[in-house]
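**Q** no sequence on this one, just coordinates:
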């Protein structure tokens, strides 16, 4: 059943962040006069749009857009793993097209050699909704809760294409038939330990992202 977000309600479901890797570096390079740098906003849109579609067509809703990331929420029982696979497949398709193009035109999209790279971060739990109103956005729902915090924090771990799952979500039946690596708890700045997470195996969907020595590319 599709999730319903009403003003000041309490939700129980999956919080999911989809975030473009190294986007600060990408933007910095784009504004330094690189070819196609004027299209960086459209580039980010094109990378995140498939994630929006995957979430919304699988009973979820998008509740936040932050330039290089989207935050969505999906209900219990939603096809959360299929959402991740759809997102990974779309990113692979974009990476292959850009890599193929850059073999002949390496100056194009020079701020994203080999194409885009994404991380998907998920946790399950209770989230409270508050509504804030702005002149541009109108009524805007904010989701607050441990699941959102956890999904945000675990995205700091690892590199490259990855799908990271919080411990509560990992114990859900939606992941019971999937291969998960963990539990993992990376070190954070200051010597402390970060939040526990698992990594969902999407090897059949993610492009490896290996880069050739002579030219950065995601092509094999």
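**A** Yes, it's here. Remember, it's a predicted structure, so these values are computed and weren't measured experimentally.

**Q** tell me where the chain has strands.
**A** Per DSSP state E, the chain has strands spanning 10-20, 61-65, 69-75, 118-134, 138-144, 162-165, 180-184, 197-200. These are given in chain order.

**Q** for the last one, name the packing helices and strands.
**A** For strand 197-200, the helices and strands in contact under the criterion 3 or more C-beta pairs under 8 Å, 6 or more residues apart in numbering; DSSP states H and E are strand 162-165, helix 167-170, strand 180-184. Using the backbone N, CA and C atoms, a C-beta is placed for each residue, glycine as well.

**Q** same list (those) but as JSON lines, adding distance to residue 196 and mean neighbour count.
**A** As requested, the helices and strands packed on strand 197-200 are arranged in JSON lines below (distance: least, C-beta to C-beta, whole Å; neighbours: other C-beta atoms under 10 Å):
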{"stretch": "strand 162-165", "distance to residue 196": "10", "mean neighbour count": "26"}
{"stretch": "helix 167-170", "distance to residue 196": "5", "mean neighbour count": "20"}
{"stretch": "strand 180-184", "distance to residue 196": "5", "mean neighbour count": "14"}
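
**Q** looking at the ones you listed, which is closest to residue 60?
**A** Comparing those against residue 60 with C-beta to C-beta, the closest turns out to be helix 167-170 (13.7 Å).

**Q** in a markdown table, list the helices and strands packed on strand 197-200 along with distance to residue 85.
**A** Written out in a markdown table, the entries for these read as follows (distance: least, C-beta to C-beta, whole Å):
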| stretch | distance to residue 85 |
| --- | --- |
| strand 162-165 | 9 |
| helix 167-170 | 16 |
| strand 180-184 | 14 |
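
**Q** residue 127 is nearest to which of these?
**A** Evaluated with C-beta to C-beta, those place helix 167-170 nearest to residue 127, the distance being 12.2 Å.

**Q** how about residues contacting the closest one?
**A** With contacts defined as C-beta atoms under 8 Å, 6 or more residues apart in numbering, helix 167-170 is touched by 14, 80, 122-125, 147, 150, 175, 180, 182-183, 196-198.

**Q** would you mind getting the angle between the lowest-mean-pLDDT helix or strand in the chain and strand 69-75?
**A** Between all helices and strands in the chain, the lowest mean by mean pLDDT, DSSP states H and E belongs to helix 23-30, at a mean of 75. An angle of 150 degrees separates the directions of helix 23-30 and strand 69-75 when computed by axes from the mean of the first three to the mean of the last three C-alpha atoms, to 10 degrees.

**Q** quick one: contacts of helix 23-30?
**A** By C-beta under 8 Å, 6+ apart, the surrounding residues in contact with helix 23-30 are 20, 36, 37, 40, 43, 44, 67, 68, 110, 111, 112.

**Q** which parts of it are buried?
**A** When burial is assessed from 16 or more other C-beta atoms under 10 Å, helix 23-30 yields the following buried residues: 23, 26, 27, 29, 30.

**Q** pick the one among those closest to residue 73.
**A** Once C-beta to C-beta is applied, the member of the buried residues of helix 23-30 that ends up nearest residue 73 is residue 23, at 22.1 Å.

**Q** in the longest helix seen in the chain, what's buried?
**A** With residue count as the measure and DSSP state H as the assignment, the chain has helix 80-104 as its longest helix. Of all the residues in helix 80-104, those buried under the rule 16+ other C-beta under 10 Å are 80-81, 83-92, 94-96, 98-99, 102.

**Q** what's that helix packed up against?
**A** Of the remaining helices and strands, those touching helix 80-104 by 3+ C-beta pairs under 8 Å, 6+ apart are strand 10-20, helix 40-56, strand 118-134.
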